[in-house]
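Enquirer: Okay, here's the prediction I keep looking at, along with the sequence it came from:
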Amino acid sequence: MCINSEKLTFCTCSEKQVKSSDNYESEIYYTWLLTSFIGYKKSKLIGKILMPSKDLGKGLTLHRILEMLNANLSYFDFDYHPKELDSFQIRNNLKHPFYEYFSVIYKDGFWQEGNNPAFVSLTKTIAEGKILKEVTEPEKTSNWIVSQNKLSMSQLFDKLLSEKDITNQWRFINALVNRFPKESFQKAYSLCRSNSKTDKIYGFRLMFKLYESEYNLEQIKSFLLKKIASENDKEILEILIFSLKSNLSLLKDEEIKSLLSLKERSDYFKIVLADELINYNHELIIDFFVELCRDKNLGVKQKAIINLSYKNDFNTPKVRKVLWENVENQNKEVKQHSIYGLALRKDHKIRSVLEKELQHLHNENSLILDAIEELGDKKMKPLLKSKLEQLNDDDKYLSELLIEVIESM
């Protein structure tokens with residue numbers, strides 16, 4: 001990715017070197033990845049994907065990249081024309097908790113925020129590239145090692161409140177929480193009550209790290225839950241959700257209900273909650289997912305079905321019923337994941353549906369083969385062998401999948 005004045009060019013050859021300096025991480029760079037969607041694959045993985053950022057610094061904002069890509073101009077150093085479900089991601093090269101990224105997807109004829117489903121999407125790399133950050137020789141007091149060991153509490157707060165780069169903000173937040181938890185709590189409480197959105201964001205980020213570190217758990221938990229009821233800013237509410245999720249097992253039923261009340265705010269928060277709460281097996285959470293699987297908004301329903309389909313310990317009559325309701329859904333992702341979810345739960349009534357789907361097998365519904373493998377019904381083996389014989393030489397990918405499923409039975 002080449003940066004030339006105000007113009008960004010995503011190039012595959014560029015790797016700008018940055019001079020090393022003592023006590024400073026000079027090998028920090030942004031990377032970009034452009035992929036095409038092939039189909040679905042089997043995955044045992046289930047979990048929360050790190051929430052994307054909207055601003056990576058150095059002018060790399062989600063808004064700017066979307067404007068560029070949707071301008072129908074060439075920003076790549078190779079001939080490229082987007083196809084449905086192509087995905088483009090930009091990320092920094094830092095380790096958690098400083099790692100940040102955002103992704104956009106080409107859908108319905110334009111680029112928009114989002115990505116193909118995590119864990120289960122089979123993609124092919126179109127191109128990728130990287131560039132080192134433009135950095136100058138830093139003041140020795142601003143680097144991470146010296147900050148953590150030598151800066152006073154007030155100096156750290158001054159650095160935090162004046163720092164524009166979010167990566168460095170998290171460095172100072174971590175230093176404050178690790179070295180001055182009591183004072184950080186007092187300062188965070190004050191910032192959270194400010195009329196300034198910027199101050200509030202600093203305050204709630206501090207609260208998140210304090211709560212994650214299990215400092216003053218009950219008091220911070222109570223404070224965060226009260227703020228959920230009164231706060232209206234979307235960005236701050238995201239921080240509150242993520243904060244409470246970090247110690248979700250500590251929440252009582254009424255507190256879980258308070259957190260789930262955010263679903264009434266907008267479809268956006270339904271999706272955020274569906275991502276954050278998928279790993280918490282609790283009756284209220286299961287009921288929440290069942291409700292979302294019947295939502296009128298297709299995006300909400302799709303997110304809930306996909307997340308729920310891989311979470312086989314969510315295996316109640318309510319869950320199986322709502323999956324059956326979506327087996328004939330017109331949306332292919334909702335349909336396939338509903339079928340897979342029932343197969344994963346060993347509901348053998350899904351066999352007749354799988355036999356029907358097998359007749360029309362192609363790359364984009366290859367999740368059906370994963371469902372057949374999960375169901376493990378050996379009576380389907382002859383049908384699989386028959387389908388394998390019908391494939392031609394161009395179906396190498398499906399042939400390999402079929403052979404794998406047959407051998408597993």
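Expert: Nice, thanks for sending it over.
Enquirer: Give me the number of neighbouring residues for the nearest residue to residue 181 once chain neighbours are set aside.
Expert: Leaving aside its sequence neighbours, residue 181 sits nearest to residue 215 (C-beta to C-beta, 6 or more residues apart in numbering; 4.7 Å). Yep, even glycine has a C-beta here, placed from its N, CA and C like the rest. For residue 215, the tally of surrounding residues (other C-beta atoms under 10 Å) stands at 16.
Enquirer: quick one, what contacts residue 215?
Expert: Contact analysis of residue 215 by C-beta atoms under 8 Å, 6 or more residues apart in numbering lists 177, 181, 185.
Enquirer: Now which of those residues would you call buried?
Expert: Of the members of the contacts of residue 215, the ones counted as buried by neighbours, 16 or more other C-beta atoms under 10 Å, are 177, 181, 185.
Enquirer: any idea which of the residues you listed is closest to residue 166?
Expert: residue 177 (16.2 Å; C-beta to C-beta).
Enquirer: roughly how far is the helix or strand harbouring the closest one from the heart of the chain?
Expert: Assigned by DSSP states H and E, residue 177 belongs to helix 166-179. For helix 166-179, the separation from the chain centroid amounts to 23 Å (computed by C-alpha atoms, centre = their mean, to the nearest Å).
Enquirer: other SSEs contacting that helix?
Expert: Contact analysis of helix 166-179 by 3 or more C-beta pairs under 8 Å, 6 or more residues apart in numbering; DSSP states H and E lists helix 144-150, helix 153-162, helix 181-192, helix 197-212 as its packing neighbours.
Enquirer: what's the average pLDDT for the first one?
Expert: Averaged across helix 144-150, the pLDDT comes to 51.
Enquirer: who's in contact with residue 84?
Expert: Going by C-beta under 8 Å, 6+ apart, the list of residues near residue 84 reads 37, 106, 107, 108.
Enquirer: Going by distance to residue 86, which of those residues wins?
Expert: Distances from residue 86 to those, taken by C-beta to C-beta, are shortest for residue 106, at 4.4 Å.
Enquirer: doesn't residue 258 make contact with residue 229?
Expert: Yes. At 6.8 Å, residue 229 counts as touching residue 258 under the criterion of C-beta atoms under 8 Å.
Enquirer: How is residue 103 assigned, secondary-structure-wise?
Expert: Three-state assignment for residue 103 (DSSP: H, G, I helix; E, B strand; the rest coil): strand.
Enquirer: Look up the residues forming beta bridges with it.
Expert: For residue 103, the beta-bridge partners are residue 89 (DSSP bridges).
Enquirer: what number of residues lie near it?
Expert: 19.
Enquirer: For residue 320, grab the count of nearby residues.
Expert: There are 17 residues near residue 320, going by other C-beta under 10 Å.
Enquirer: roughly how far out does stretch 267-280 sit from the chain middle?
Expert: So, by C-alpha atoms, centre = their mean, the centroid of stretch 267-280 is 11 Å from its chain's centroid.
Enquirer: List the buried residues of it.
Expert: Neighbour-count burial for stretch 267-280, counted by 16+ other C-beta under 10 Å, picks out 267, 269, 270, 271, 272, 273, 274, 275, 276, 277, 278.
Enquirer: who are the neighbours in contact with the fifth one?
Expert: Read it as residue 272. With contact set as C-beta under 8 Å, 6+ apart, residue 272 has these partners: 238, 241, 262.
Enquirer: One more pass at 7 Å, please.
Expert: 238, 241 (C-beta atoms under 7 Å, 6 or more residues apart in numbering).
Enquirer: same thing with the first one?
Expert: Taking C-beta under 7 Å, 6+ apart as the definition of contact, the neighbours of residue 267 are 297, 299, 300.
Enquirer: Out of the contacts of residue 215, the closest to residue 368 would be?
Expert: Closest approach to residue 368 among those (C-beta to C-beta): residue 177, at 47.6 Å.
Enquirer: Hmm, residue 208 and that closest one touching each other?
Expert: No. If you go by C-beta atoms under 7 Å, residue 177 and residue 208 don't touch, sitting 9.4 Å apart.
Enquirer: about what we covered before: give the residue from residue 229 and residue 258 that has the larger number of neighbours.
Expert: Set side by side, residue 229 and residue 258 show more neighbours around residue 258, with 17 against 9, by other C-beta under 10 Å.
Enquirer: any idea which element the more buried one lies in?
Expert: Per DSSP H and E: helix 253-260 holds residue 258.
Enquirer: ok, back up a step: tell me which entries of the buried residues of stretch 267-280 lie within helices.
Expert: 267, 269, 270, 271, 272, 273, 274, 275, 276 (DSSP state H).
Enquirer: quick one, what contacts the second one?
Expert: By C-beta under 7 Å, 6+ apart, residue 269 lies in contact with 262, 263.
Enquirer: pLDDT score for it?
Expert: 93.
Enquirer: what about residue 328, how many neighbours?
Expert: By other C-beta under 10 Å, neighbour count at residue 328 equals 11.
Enquirer: Confirm it sits in a helix?
Expert: No. Residue 328: not assigned to a helix; according to three-state DSSP it is coil.
Enquirer: circling back to that earlier point, for the residue nearest to residue 181, grab phi and psi.
Expert: Backbone torsions of residue 215, given as degrees, to the nearest 10, read phi -90, psi 130.
Enquirer: Report the distance from the host helix or strand of residue 383 to the chain centre.
Expert: Element membership for residue 383 (DSSP H and E) is helix 381-390. Its chain's C-alpha centre and that of helix 381-390 lie 37 Å apart, by C-alpha atoms, centre = their mean.
Enquirer: same deal with stretch 255-275?
Expert: For stretch 255-275 - counting by C-alpha atoms, centre = their mean - the centre lies 16 Å from the chain centre.
Enquirer: Over to stretch 297-317?
Expert: On C-alpha atoms, centre = their mean, the centre of stretch 297-317 falls 16 Å from that of its chain.
Enquirer: Pull up the distance across it, start to finish.
Expert: 23 Å (C-alpha to C-alpha, to the nearest Å).
Enquirer: Only the buried residues of it, if you could.
Expert: Neighbour-count burial for stretch 297-317 [16+ other C-beta under 10 Å]: 300-311, 314-315.
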